[in-house]
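Undergrad: Got a predicted model here, sequence first, then my questions.
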Amino acid sequence: MTSLWISLGMALFSVGQTGTGVVLQSMAGSAAAQPAAQPRPVAPRPVQAVRTPQAPAYLANRIDQLGRGFNGSVGIAVKSVNEGWATDWNGAVLTPQQSVSKLWVAITALDAVDKGRVSLTDRVSLGRSDLTLFHQPIRSKILGGGYTTSLSNLMSEALTKSDNTANDKLMRSVGGPEAVRAMIRTKGLGAIRFYNGERSLQARIAGLTWTQSYSIGNAFYQARNALPMTVRRAAFNRYLEDPYDGASASAIVNALARLKRGELLSPASTARLLSIMSQTRTGPNRLKGGLKAGWSLSHKTGTGQVLGATQAGYNDIGILTAPDGRSYSVAVMIRKTSVPLPTRMALMQNVVRATIAQHEMRYSPSISL
């Protein structure tokens, strides 16, 4: 009896195993017959274009009017530091910077400070071999028997007094012209050129090659005057057509806005630079002449050589700050003109006045213009 039950159990087990195998084979065959599931295509997300805020109509129209009405070639640009909009007239045209380029030397120096490469307290000595040309108030101290000072003082003299010798010494102390060009490239400042310092630039504009003897007395003027006028005019015109230190007004206001927002330097270096620029002594009747009570300006001027009645480069750039703390970067770059100085200054002042008027319409609408 026991043997019978064992035989029946084994038979049932065999049938179960066979049945399971049939079921599994059937399922496998059914699965193999089905097409592989395809992933559902995902629609690409639309790219959200970053919209640049549009400049207010009043200011855009006024800047166009001022640029169109000026008797000369000029680039004008205004940018809101806080809101990001900008407007310009000939804003992309490369214009001689002249001493406006001292700003890029200062930023290069402060960038080196931020990176620990130099300190503003570092001392440097200046001798006759450091002298340049044109405006250099520091010259008398050097000729008095040599002069030792700090990098901080050189930067202040270069920015507030536009001292060419102080600027060139500062430039050489932080790596030379290539360091300045590298800073402009690395920080992505755009259409801004930098030449090899004041001596090389001014000599080339005049049709000369710099020698240190030109720094003594009137030697530079004598050498320039000795050139045939055809040579001088050809060199002058080459510079105007393709300025070696050229920059566009739009690139300048973008750089100034980034400086004000703290995107170029550390907070301490940013504050230091803007404070020095607020003490600029040159050009009190350029942009600064258009200020209204309660407004402030941190700025840098630039003034080029004159041939005949034509001046190559008459500029002022800066950061204009309202009483409520909002700021605008402004650049008026006169590339070429023969109009009287008061007319040039009036243009600059009117750009500032228009910017202030636009601010008041936007933030103080009760003020009537």
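TA: Sure thing, it's come through.

Undergrad: check contacts around E178.
TA: Contacts for E178 (CB atoms under 8 Å, 6 or more residues apart in numbering) come out as none. All C-beta atoms are positioned from the backbone trio N, CA, C, and that covers glycine.

Undergrad: gap between the strand or helix carrying it and the chain center?
TA: Taking DSSP states H and E as the criterion, E178 maps to helix 177-186. Centroid displacement of helix 177-186 relative to its chain, using CA atoms, centre = their mean, to the nearest Å, is 12 Å.

Undergrad: Counting neighbours, show which residues of that helix come out buried.
TA: Residues of helix 177-186 classed as buried: P177, A179, V180, R181, M183, I184 (neighbour count, 16 or more other CB atoms under 10 Å).

Undergrad: How about stretch 301-314?
TA: T301, G302, T303, G304, Q305, L307, T310, Q311, A312, G313, Y314.

Undergrad: ok, so of those, who is nearest I192?
TA: Proximity of those to I192 (CB to CB) peaks at G302, which lies at 12.7 Å.

Undergrad: Unless I misread the structure, the closest one falls within a strand.
TA: Yes. The assignment for G302 is a strand, going by DSSP: H, G, I helix; E, B strand; the rest coil.

Undergrad: contacting residues for it?
TA: Counting by CB under 8 Å, 6+ apart, G302 has contacts P96, Q97, Q98, S99, V100, S101, G313, Y314, N315, D316, I317.

Undergrad: Please work out the average pLDDT along the helix holding E178.
TA: For helix 177-186, the mean pLDDT works out to 98.

Undergrad: Which helix or strand lies directly C-terminal to that helix?
TA: Downstream of helix 177-186, the first helix or strand assigned by DSSP H and E is helix 198-206.

Undergrad: Show me which positions of that next one end up buried.
TA: Using 16+ other CB under 10 Å as the test for burial, helix 198-206 gives E198, R199, S200, L201, Q202, A203, R204, I205, A206.

Undergrad: would you turn the residues you listed into JSON lines with distance to E360 and pLDDT?
TA: Shown next, in JSON lines, are the buried residues of helix 198-206 (distance: CB to CB, whole Å; pLDDT from 0 to 100):
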{"residue": "E198", "distance to E360": "39", "pLDDT": "96"}
{"residue": "R199", "distance to E360": "45", "pLDDT": "96"}
{"residue": "S200", "distance to E360": "45", "pLDDT": "96"}
{"residue": "L201", "distance to E360": "40", "pLDDT": "97"}
{"residue": "Q202", "distance to E360": "41", "pLDDT": "97"}
{"residue": "A203", "distance to E360": "46", "pLDDT": "98"}
{"residue": "R204", "distance to E360": "45", "pLDDT": "98"}
{"residue": "I205", "distance to E360": "41", "pLDDT": "98"}
{"residue": "A206", "distance to E360": "45", "pLDDT": "97"}
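
Undergrad: Turn these into CSV, including distance to R326.
TA: As requested, those are exported to CSV (distance: CB to CB, whole Å):
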residue, distance to R326
E198, 35
R199, 40
S200, 40
L201, 36
Q202, 38
A203, 43
R204, 41
I205, 38
A206, 43
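
Undergrad: OK, contacts around the residue sitting nearest the centre point of the chain?
TA: Central residue of the chain (CA atoms, centre = their mean): A255, 2.6 Å from the mean position. Residues in contact with A255 (CB under 8 Å, 6+ apart) are L189, G190, I192, L264.

Undergrad: List only buried entries from those.
TA: Using 16+ other CB under 10 Å as the burial test, the contacts of A255 include L189, I192, L264 as buried.

Undergrad: Look up the closest residue to the second one, ignoring the ones flanking it.
TA: Residue nearest to I192 in three dimensions, not counting chain neighbours: A247, with 4.2 Å by CB to CB, 6 or more residues apart in numbering.

Undergrad: could you say which helix or strand contains the one you found?
TA: Using DSSP H and E, A247 sits within strand 246-248.

Undergrad: neighbouring strands for the host helix or strand of N315, and are they parallel or not?
TA: Assigned by DSSP H and E, N315 falls within strand 310-321. Applying DSSP bridges, strand 310-321 is found paired with strand 296-303 (antiparallel), strand 306-307 (antiparallel), strand 327-337 (antiparallel).

Undergrad: Please work out the average pLDDT along the next helix or strand after the longest one.
TA: Okay, so that is strand 327-337. Proceeding C-terminally, strand 327-337 gives way to helix 341-363 as the next helix or strand, assigned by DSSP H and E. The average pLDDT for helix 341-363 rounds to 97.

Undergrad: can you check stretch 247-256 too?
TA: So the average pLDDT for stretch 247-256 ends up being 98.

Undergrad: Output it as PDB, restricted to C-alpha atoms.
TA: Coordinates of each C-alpha in stretch 247-256 appear next as PDB, following Å, rounded to 0.1, in the frame of the first residue of the first chain:
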ATOM      1  CA  ALA A 247      37.300 101.100 -27.300                       C
ATOM      2  CA  SER A 248      33.600 101.200 -28.000                       C
ATOM      3  CA  ALA A 249      31.300 103.300 -25.800                       C
ATOM      4  CA  SER A 250      29.100 100.200 -25.300                       C
ATOM      5  CA  ALA A 251      31.900  98.000 -24.100                       C
ATOM      6  CA  ILE A 252      33.000 100.700 -21.700                       C
ATOM      7  CA  VAL A 253      29.600 101.100 -20.100                       C
ATOM      8  CA  ASN A 254      29.200  97.400 -19.800                       C
ATOM      9  CA  ALA A 255      32.600  97.100 -18.100                       C
ATOM     10  CA  LEU A 256      31.700 100.000 -15.700                       C
END
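
Undergrad: how close does the residue nearest to the centre of the chain sit to N61?
TA: With the distance defined as CB to CB, to the nearest Å, A255 ends up 25 Å from N61.

Undergrad: Next: T211.
TA: 50 Å.

Undergrad: Repeat that for K260.
TA: For K260, the distance to N61 - CB to CB - is 25 Å.
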